[in-house]
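**Q** here you go, sequence then predicted model.
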Amino acid sequence: TTDSWDASSAQDGSVMCYVEGTVLTVAGNGSGKITLSEDARYTFSNSDEVIDAGASTVEGLDVFSAVTAINGLNILDTTAVTAMDYMFHRCKALVSVDVSTFDTSNVTSMSHMFGDVINGGMALTSINFGEEFVKSTVTDLSYMLYFCTKLTTLEIDDCDISNVVNLSNFSRACNKLTSFGANNLRDWDFGNVVDMQQAFRGLLIMPKLEFENWNVAKVKNMYCLFCQNEKMFTEADFSKWNMSNVERVDFMFWGCLSMTSLNCAGWDVGNVKTFDHFIARCGKITNFNHSDWNVGLNCENLNAAFHSYKGTEIDVRGWDTRNVTVFCQMFDACSNLRVIHGLGEMDTSNARDFTQFLWSTTGLEEIDLSKVDTTHVVDDYPLSANATFGDGLSGMFAGGVQELQNALVSFVEFRKDIKKPMTERAIDLLIGKLNEMTGDVYKQIAIRNQSIMNGWQGVFPLKDETQTGRRQPYQKQTKAQEPEGEQFIENARDAYID
């Protein structure tokens, strides 16, 4: 069965389309090429706009969604075309397409030209672009290859993207793609790109991109730029990138499972507003060079910024975090972490959320939280204690140094047992006093346990750290049966850390 319709704008039969089986053929009247207008959007797209305008004569026919091949593209004259957006949008069954004869010298936009996420993406396994398909006139390549999940290789190294502004979602979820060409985009000029969000997201098996020397000086949005690229990086060096205009790097490397080393040294991040999940879920990074970062007043979100980092040290000294509202999961699952340089210096005066701040970060040698300001915390697990510790630091440390929670709960229960229960205000004062005495969490644990063992209502410096010996308790002391001082601290640590 062959279906046909008049696709000419004048409805004079000069352009006819025929569908036989799953093959679409475009034919003229024998007089030469078929000229497309400036606006060639949705030309072969299964969209309401196209069906209403040109295919309404084929009543009820889903014109393009089942098409596997298109014949006659070579007779299309695209010289006047400026917009090719959505041109093959939702031709979801199309297996291959040859656009090598298209004249794109006046095209400015190719957004969504092939890309579509509906019904699992496109079936395209090959696209023949010919030579320099993208010319310097193009400013928008957003979503061009979006969810072309069957493509394996492309030859687009010679494209001129020097005036492209919007590259967002360009090749997102091309999860079988292994190459963009011989040089893998090494020579692409990104100099005018402003939006790169998710441009190369989800290239699951892409082994390499030649990204080291890309000019990203004008880019503002790098959200999820390389996230979910499981094979692309092992040792990645981005130290040459000019990040001075970037405002978003959230999820930038999220889920890069093969990455072991990341060099971002010297980045100018003064304009970055969010580092949310920056290297989260990478899981193998042991070397992360973020030296000389100038985190500044624009930063608002550090949620899970270092999540699952497997190195031993992180340095946040000199970071201006006074406007950061979200700190939750910042160091979550950093199981090898031993030192966080500058942790006690962070300005948390505007913090709203500390949930799971150090969740499962079990190896820290010292934790100084004496300067942490929780005045504005409103999350479910606020940093300052309320009626019970379960409403206090539990969310910050649970799964990590949860012994801090246990120690306070034990002390509160102890006070109940001796008929001296603590009010909410008393708990706050207790935590404040402990923070004044020491910023070391494990020493705070030892101090609380020392009071419990000796039957003291209050807290005092560890016995071997005072010059006057034992403090006078509020009730009769009982002889301590456990090691004291530094040995007590070691026992407290060993009891909870594997």
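**A** That came through fine. Numbering: from 1, shown residues only.
**Q** assign residue 447 to helix, strand or coil.
**A** Here residue 447 is recorded as helix under DSSP: H, G, I helix; E, B strand; the rest coil.
**Q** what's the burial count for it?
**A** Counted with other CB atoms under 10 Å, residues neighbouring residue 447 total 24. From N, CA and C alone the C-beta is placed, and that goes for glycine too.
**Q** does it touch residue 437 like I think?
**A** Yes - under the contact definition of CB atoms under 8 Å, residue 447 touches residue 437, with a separation of 6.7 Å.
**Q** all strands for the chain, in order.
**A** In the chain, the strands defined using DSSP state E lie at 2-6, 16-20, 23-27, 34-35, 69-71, 76-77, 96-98, 126-128, 235-237, 261-263, 287-289, 313-315, 339-341.
**Q** neighbouring strands of the fifth one in the sheet, and parallel or not?
**A** Counting by DSSP bridges, the strands paired with strand 69-71 are strand 23-27 (parallel).
**Q** intersection of neighbour lists for residue 447 and residue 437?
**A** By CB atoms under 8 Å, 6 or more residues apart in numbering, residue 447 and residue 437 have these common neighbours: 459, 461.
**Q** how about the closest residue to residue 162 other than its chain neighbours, what does it touch?
**A** Residue nearest to residue 162 in three dimensions, not counting chain neighbours: residue 189, with 4.3 Å by CB to CB, 6 or more residues apart in numbering. Shown in contact with residue 189 (CB under 8 Å, 6+ apart): 160, 161, 162, 215.
**Q** contacting residues for residue 250?
**A** Going by CB under 8 Å, 6+ apart, the list of residues near residue 250 reads 223, 224, 274, 275, 276, 277, 278, 301.
**Q** among the contacts of residue 189, which pair sits farthest apart?
**A** Taking CB to CB, the two most distant members of the contacts of residue 189 are 160 and 215; they sit 13.9 Å apart.
**Q** okay, now the unreliable bits of the chain?
**A** For the chain, the stretches with pLDDT under 70 are 1, 31, 46-63, 118-120, 378-406, 439-442, 464-498.
**Q** ranges for the helices of it?
**A** For the chain, helices defined by DSSP state H occupy the ranges 48-53, 394-397, 403-417, 424-437, 441-454, 485-496.
**Q** ok, for the residue most central in space within the chain, nearest residue in space, not its chain neighbours?
**A** The structure's the chain has its C-alpha centroid closest to residue 251; by CA atoms, centre = their mean the separation is 0.8 Å. Residue nearest to residue 251 in three dimensions, not counting chain neighbours: residue 224, with 4.2 Å by CB to CB, 6+ apart.
**Q** and the closest residue to residue 176 other than its chain neighbours, how close does it get to residue 115?
**A** Leaving aside its sequence neighbours, residue 176 sits nearest to residue 152 (CB to CB, 6+ apart; 5.3 Å). For residue 152, the distance to residue 115 equals 16 Å [CB to CB, to the nearest Å].
**Q** next: residue 354.
**A** Counting by CB to CB, the gap from residue 354 to residue 115 is 40 Å.
**Q** same thing with residue 348?
**A** From residue 348 to residue 115 the distance is 42 Å (CB to CB).
**Q** quick one, which of these two is more surrounded?
**A** Set residue 348 next to residue 115 and count neighbours by other CB under 10 Å: residue 115 wins out with 27 against 22.
**Q** I'd assumed residue 89 was in contact with the more buried one.
**A** Yes - counting by CB under 8 Å, residue 115 touches residue 89, with 7.2 Å between them.
**Q** circling back: max pairwise distance over the contacts of residue 250: which two?
**A** 224 and 301 (14.4 Å).
**Q** settle it for me: which of the two has more neighbours?
**A** Ranked by neighbour count (other CB under 10 Å), residue 224 and residue 301 place residue 224 first, with 26 against 22.
**Q** isn't the more buried one right up against residue 248?
**A** No - judged on CB under 8 Å, residue 224 makes no contact with residue 248 at a distance of 9.1 Å.
**Q** what touches both of these two?
**A** In terms of CB under 8 Å, 6+ apart, residue 224 and residue 248 are both contacted by the residues residue 197.
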